[in-house]
Structures are given as structure tokens and as C-alpha cells.
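This is the structure alone, sequence omitted:
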């Protein structure tokens with residue numbers, strides 16, 4: 001079996017540089033390329049077990065997301081995996097289904113399996129990261145952050161996105177603009193609804209919350225909420241939906257009623273997973289899903305490698321456009 005010294009000799013670098021490459025530490029791109037090419041030529045595989053003992057943690061990262069069927073989280077996971085793989089880490093994908101009990105179970109597994117760190121989009125307001133942080137395991141929140149814990153986070157500007165999407169509907173001439181948002185205990189759902197509320201309240205609508213519905217971030221939730229809104233004595237003429245899957249359900253209901261855009265206004269927070277209904281007529285807040293994952297993974301790897309600066313929050317920009 002080839003040794004680290006043989007890899008170093010073939011690559012023309014020091015053994016320490018080889019070690020740094022396979023431990024995910026900072027090395028110039030050129031030296032990293034030389035080391036990996038030499039390792040491939042020699043069929044060299046670093047000992048994961050030895051590195052785990054030395055580091056006191058495995059080379060595995062847990063990624064907890066609330067809905068693996070949502071293309072937004074699929075793209076986010078791809079960003080995490082690409083960065084982790086390049087640094088020599090594997091990613092365990094954990095689907096919590098918005099269930100706090102499942103989330104807690106996965107967090108306990110991350111501890112018991114001695115995982116290197118956790119990236120999490122929390123299931124709700126009561127996520128408990130205490131055990132992980134007590135064991136000095138780095139945690140990065142992505143898209144949704146937990147309450148009461150001072151950790152790194154990568155977010156989008158939810159309130160601004162909700163404000164911009166609703167403003168676009170107002171500019172298009174709609175006046176009774178409803179909002180379908182996620183569970184009331186999810187911070188992003190509240191923030192996006194707050195952006196909507198600022199616009200409709202400012203437009204002179206009295207009691208705008210009569211047009212607000214909380215739902216479950218699923219297709220079925222969007223369908224049911226849209227049905228309720230259309231049964232109001234004075235139904236809305238447009239809707240802002242704060243999640244891509246709920247927008248599909250809302251569109252299905254509108255299609256059944258013969259009210260698809262542009263006859264009925266619609267704005268969506270997040271890219272439509274599939275759009276057969278006049279996508280050019282739908283306002284979309286485009287989200288940098290993969291970039292969220294990439295940024296979160298880089299922050300986590302920095303922490304794993306010893307970065308001890310104060311926790312920071314990175315907010316990525318949204319862009320408002322159409323469904324195409």
C-alpha cells in the first residue's frame with residue numbers, strides 16, 4: 001500500500017502538504033491538484049479510521065432538511081455535498097418532514113455517530129441544539145435558523161422578498177392580495193408574511209390578516225388554503241404564496257375554478273418546481289438554493305478546521321422575476 005511519503009514525492013510537495021489536502025485544510029489549488037493526481041496514480045487512500053481517532057470525530061457531516069421532495073432543498077443539498085466531497089467529507093442527508101421528534105432523533109444520531117458537524121434547516125421554533133454545542137460540534141443553520149442559539153447561519157432576506165413580490169402584484173393592479181404561508185412556528189413563514197403585510201396594509205386594506213392563511217408547505221396545503229380564501233365573502237383577486245410546493249396546490253385549485261394567471265394574480269417565493277400554468281404571468285422570488293448550500297458547507301468546514309471567530313449570519317440576495 002502506498003504511503004503519504006510516496007504521494008508527496010510524486011507530487012513534489014512535502015508530506016505535511018499531502019496531509020493538509022486530505023484533512024480539508026487550506027492548500028493552494030495547484031498543490032491540491034498535484035497531490036490528488038499523485039494519489040490517484042498511486043491508488044492511495046487515506047485512512048479514515050486513523051484520521052477519525054486523531055481528530056476525535058468522523059469525516060461525516062449531517063444535513064437536516066424538512067422536505068427532500070422539495071426541489072429547493074434538493075438543490076441546496078447538492079451545494080453542500082459538492083463542497084463537502086471536495087474537502088474529503090461525506091454527507092448524510094436527513095429528512096425531518098417538519099417533525100420535531102424526527103429532527104431530535106437525527107441530532108442525537110449525529111452525536112452518537114461522532115459526526116464532524118451539522119447543517120440544519122430547522123423544523124420549527126423548538127429545535128434544541130444544546131447537546132451538540134455542549135460537545136463542541138459545529139452547527140450551521142441554513143434557510144431557517146433556530147431560536148436561542150448563537151451559531152453561524154446562511155439565510156435569504158425573507159421579509160424583503162415578501163415585500164417585493166407583493167409590491168409587484170400591487171403594481172399590476174391587484175388590490176385584494178392574499179397570502180398563503182407556512183406553519184406559524186416557522187420563522188421564515190412569518191418573515192415572508194410580514195413582508196406581504198407591510199405592503200397590503202400600506203395600500204389601505206383594512207384588517208389584511210383576513211387574507212392570511214397558514215399551511216403546511218405541501219401541495220395539499222396550498223390547495224386547501226386557496227380554497228378557503230376563495231370562499232370568503234370578498235375573495236382575493238391575487239395571492240402571494242411563500243413556498244414553491246404550496247404554489248402548485250394553489251394553481252391546481254385556481255385551474256379548477258378557471259382563474260389561472262393573469263386573470264388571477266400570483267406571486268411565489270421560490271422557483272416553481274413545474275409550471276404548466278402561464279409561467280410568464282407569475283411573479284417569482286428566485287432563491288439561490290445551491291449557493292445557500294455551498295456557503296453553509298464552507299462555513300461548517302471552517303469551524304471544523306478550527307475557526308473560532310464569533311458567529312456570523314450571511315444573507316444572500318433574492319431576485320424577483322417571472323416563472324420562466
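Ah, there it is. Remember, predicted model here, so these are calculated numbers, not experimental data.

going forward, measure contacts and count neighbours with C-alpha atoms only.
Will do.

Domain-wise, how is the chain divided?
4-46, 55-157+292-317, 158-286 (automatic domain parsing).

which one of the ones you listed has the lowest average pLDDT?
Averaging pLDDT over each of the domains of the chain singles out domain 4-46 as the lowest, with a mean of 83.

any chance of the domains of the chain in JSON lines, plus mean neighbour count?
Listed next are those as JSON lines, based on neighbours: other Cα atoms under 10 Å:
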{"stretch": "domain 4-46", "mean neighbour count": "16"}
{"stretch": "domain 55-157+292-317", "mean neighbour count": "19"}
{"stretch": "domain 158-286", "mean neighbour count": "20"}
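
distance of the closest residue in space to residue 103 that isn't next to it in sequence from residue 289?
Leaving aside its chain neighbours, residue 103 sits nearest to residue 96 (5.3 Å; criterion: Cα to Cα, 6 or more residues apart in numbering). The spacing between residue 96 and residue 289, counted by Cα to Cα, to the nearest Å, is 18 Å.

what's the answer for residue 262, then?
Distance from residue 262 to residue 289, by Cα to Cα: 27 Å.

And the residue nearest the centre of this structure?
The central residue of the chain, meaning the one whose C-alpha is nearest the mean C-alpha position (Cα atoms, centre = their mean), is residue 143 at 4.2 Å.

That one and residue 77, how far apart?
Plainly put, residue 143 is 12 Å away from residue 77 if you go by Cα to Cα.

what does residue 206 give?
For residue 206, the distance to residue 77 equals 41 Å [Cα to Cα].

go on, residue 232?
39 Å.

cool, residue 115 as well?
Separation of residue 115 from residue 77 (Cα to Cα): 17 Å.

again, but for residue 139
Distance from residue 139 to residue 77, counting by Cα to Cα: 16 Å.

With residue 151 instead?
Residue 151 sits 20 Å away from residue 77, taking Cα to Cα as the criterion.

give me the beta-bridge partners of residue 141?
Taking DSSP bridges as the rule, residue 141 bridges to residue 120, residue 153.

What is the helix or strand encompassing residue 295 packed up against?
With elements delineated by DSSP states H and E, residue 295 resides in helix 289-304, which encompasses its position. In this structure, helix 289-304 makes packing contacts with helix 71-86, strand 117-120, strand 139-142, strand 152-156, judged by 3 or more Cα pairs under 8 Å, 6 or more residues apart in numbering; DSSP states H and E.

if you set the cut-off to 7 Å instead, what comes out?
With contacts defined as 3 or more Cα pairs under 7 Å, 6 or more residues apart in numbering; DSSP states H and E, helix 289-304 has these neighbours: helix 71-86, strand 139-142.

neighbouring strands for the helix or strand immediately after the longest one in the chain, and are they parallel or not?
Once helix 71-86 ends, the next helix or strand along the chain (criterion: DSSP H and E) is strand 90-95. Pairing partners of strand 90-95, with direction, according to DSSP bridges: strand 60-65 (parallel).

got the angle between the strand it pairs with and helix 289-304?
Going by axes from the mean of the first three to the mean of the last three Cα atoms, to 10 degrees, strand 60-65 is angled at 140 degrees with respect to helix 289-304.

between strand 60-65 and helix 71-86, how big is the angle?
On the basis of the same axes, to 10 degrees, strand 60-65 is oriented at 170 degrees to helix 71-86.

For strand 60-65, give me every contacting residue.
The set of residues external to strand 60-65 that reach it, using Cα atoms under 7 Å, 6 or more residues apart in numbering, is 73, 89-96, 110, 115-121.

Run through who's touching stretch 30-37.
For stretch 30-37, contacts defined as Cα under 7 Å, 6+ apart pick out 7, 11, 18, 21.

Compile those into TSV and extend it with columns for secondary structure and distance to residue 173.
Written out in TSV, the entries for the contacts of stretch 30-37 read as follows (DSSP: H, G, I helix; E, B strand; the rest coil; distance: Cα to Cα, whole Å):
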residue	secondary structure	distance to residue 173
7	helix	67
11	helix	65
18	helix	62
21	helix	57
